[in-house]
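Chemist: after the sequence you'll find the predicted model.
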Amino acid sequence: MRNFSDISSVLWITGLSGSGKSTLAKMVYELLRSKNLKAILLDGDQLREIFRPNLNQNYSREERMDLAMKYSKLCLNIASQNIIVIISTISLFKEIHAWNRDNLPNYFELYLKVPLDVLRSRDIKGIYKRYDKGEIKNVAGLDLKIDEPENADWVVEYDPNLSSQCLAEELLKRINL
């Protein structure tokens with residue numbers, strides 16, 4: 001079993017918009033910090049604003065792939081400094097998953113698999129409603145093809161009775177912290 005407290009590590013939390021990636025990542029980060037571990041939290045929405053501030057909601061698969069590769073390389077750079085990286089991002093591309101597994105140290109991929117009807121009911125950012133109205137396109141999981149992870153270390157199927165706190169605690173057990 002991997003021990004994330006001893007070496008550089010990357011926790012890649014992925015799923016579609018509204019799956020709970022950011023919430024889980026924040027909880028994991030707080031738990032790691034409470035154990036006095038060096039960790040950094042990266043959020044795909046915030047990173048997109050840094051790397052491509054003028055990018056609109058209609059960005060293509062190629063643009064998303066380019067951003068995801070930048071996220072991966074940033075994770076590599078930070079993890080090489082013996083910092084645990086927790087990243088929450090959609091980035092559901094097999095090429096990115098494969099690159100991460102080959103290049104990121106102590107890589108752990110968690111996929112939050114949530115049914116579309118649940119995602120639509122959450123729709124915190126209004127993405128699904130705007131898509132339905134024809135205001136945006138290239139929405140991951142709708143008209144933009146995604147690749148569900150084939151080799152995720154942990155696939156969490158949606159369970160309305162499973163709290164984010166329990167999920168965060170279970171994740172730390174799985175990475176031996």
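Modeler: All right, it came through fine. Numbers count the residues shown, from 1 in each chain.

Chemist: show residues contacting the helix or strand bottoming out on mean pLDDT in the chain.
Modeler: The weakest-scoring helix or strand in the chain, judged by mean pLDDT, DSSP states H and E, is helix 44-51 (a mean of 90). Helix 44-51 is touched from outside by Lys21, Ser22, Leu55, Leu67, Lys70, Tyr71, Leu74, Ile87, Ser88, Thr89, Ile90, Ser91, with contacts defined as C-beta atoms under 8 Å, 6 or more residues apart in numbering. The way it works is simple: take the backbone N, C-alpha and C, and place the C-beta from them, glycine included.

Chemist: can you pull the poorly scored residue ranges out of the chain?
Modeler: The model of the chain has pLDDT under 70 over residues 1-7, 55-58.

Chemist: quick check: longest helix of it.
Modeler: helix 61-79 (DSSP state H).

Chemist: got the angle for the helix or strand just after that helix vs helix 61-79?
Modeler: Using DSSP states H and E, the next helix or strand after helix 61-79 towards the C-terminus is strand 84-88. Here strand 84-88 runs at an angle of 160 degrees relative to helix 61-79 (axes from the mean of the first three to the mean of the last three C-alpha atoms, to 10 degrees).

Chemist: please identify the buried residues of the longest helix of the chain?
Modeler: By 16 or more other C-beta atoms under 10 Å, the buried positions in helix 61-79 come out as Arg64, Leu67, Ala68, Met69, Tyr71, Ser72, Leu74, Cys75, Leu76, Ile78, Ala79.

Chemist: thought the second one was touching Arg61?
Modeler: If I follow you right, that is Leu67. No. Here Leu67 does not reach Arg61: they are 10.8 Å apart, not a contact under C-beta atoms under 8 Å.

Chemist: do a quick rundown of the strands in the protein.
Modeler: 9-15, 39-43, 84-88, 107-113, 154-157 (DSSP state E).

Chemist: with mean neighbour count and distance to Asp143 added, can I get these in TSV?
Modeler: Listed next are the strands of the chain as TSV, based on neighbours: other C-beta atoms under 10 Å; distance: least, C-beta to C-beta, whole Å:
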stretch	mean neighbour count	distance to Asp143
strand 9-15	27	18
strand 39-43	18	24
strand 84-88	26	23
strand 107-113	21	19
strand 154-157	15	24
